[in-house]
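Engineer: Please work out how this folds:
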Amino acid sequence: MSSETPEFPLQPTLGERAIDTATDVSRTITEVSDGLRAAADRLSDAIVTSRRPGGALATVSAVTREAPLASLFVAFLLGVAVARRR
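Structural biologist: Down below sits the predicted model:
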């Protein structure tokens, strides 16, 4: 009888695989949250730029203040048009 143990390639244990998976998920979540943060920052900048005098949001805001019912009617018509496309 031989007292030598056969050598098998080392395979990661279940715990090591779980830790690796958790690390990968953590990295993915970090990358996604960084991407969302960058998108939110770009959107905020676009809104701030658009609210300046002469911008699209500034114009819509002024028109809405002057004629709220007409603006509501236009928004309703746009909603109906979008809903019919789907």
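
Engineer: Report pLDDT for the closest residue to Gly55 other than its chain neighbours.
Structural biologist: Leaving aside its chain neighbours, Gly55 sits nearest to Thr49 (6.4 Å; criterion: C-beta to C-beta, 6 or more residues apart in numbering). (C-beta placed from N, C-alpha, C; glycine too.) Here the pLDDT value assigned to Thr49 is 92.

Engineer: Please report phi then psi for Thr49.
Structural biologist: Dihedral pair for Thr49: phi -60, psi -40, per degrees, to the nearest 10.

Engineer: going forward can the numbers begin at 45, since that is how I track them
Structural biologist: Sure, I'll start numbering at 45, so the last one becomes Thr93.

Engineer: distance of it from Leu80?
Structural biologist: According to C-beta to C-beta, to the nearest Å, Thr93 stands 20 Å off from Leu80.

Engineer: which residues does Val124 contact?
Structural biologist: Neighbouring residues of Val124 by C-beta atoms under 8 Å, 6 or more residues apart in numbering: there are none.

Engineer: Check which helix or strand it maps to.
Structural biologist: If you go by DSSP states H and E, Val124 is part of helix 112-129.

Engineer: Output the residue ranges of the helices in this protein, listed in chain order.
Structural biologist: 58-95, 100-110, 112-129 (DSSP state H).

Engineer: Show me what the first one is packed up against.
Structural biologist: Read that as helix 58-95. Counting contacts by 3 or more C-beta pairs under 8 Å, 6 or more residues apart in numbering; DSSP states H and E, helix 58-95 packs against helix 100-110.

Engineer: thinking in terms of the whole chain, how far from its middle is the helix it packs on?
Structural biologist: 28 Å (C-alpha atoms, centre = their mean, to the nearest Å).

Engineer: Alright, I will stop here.
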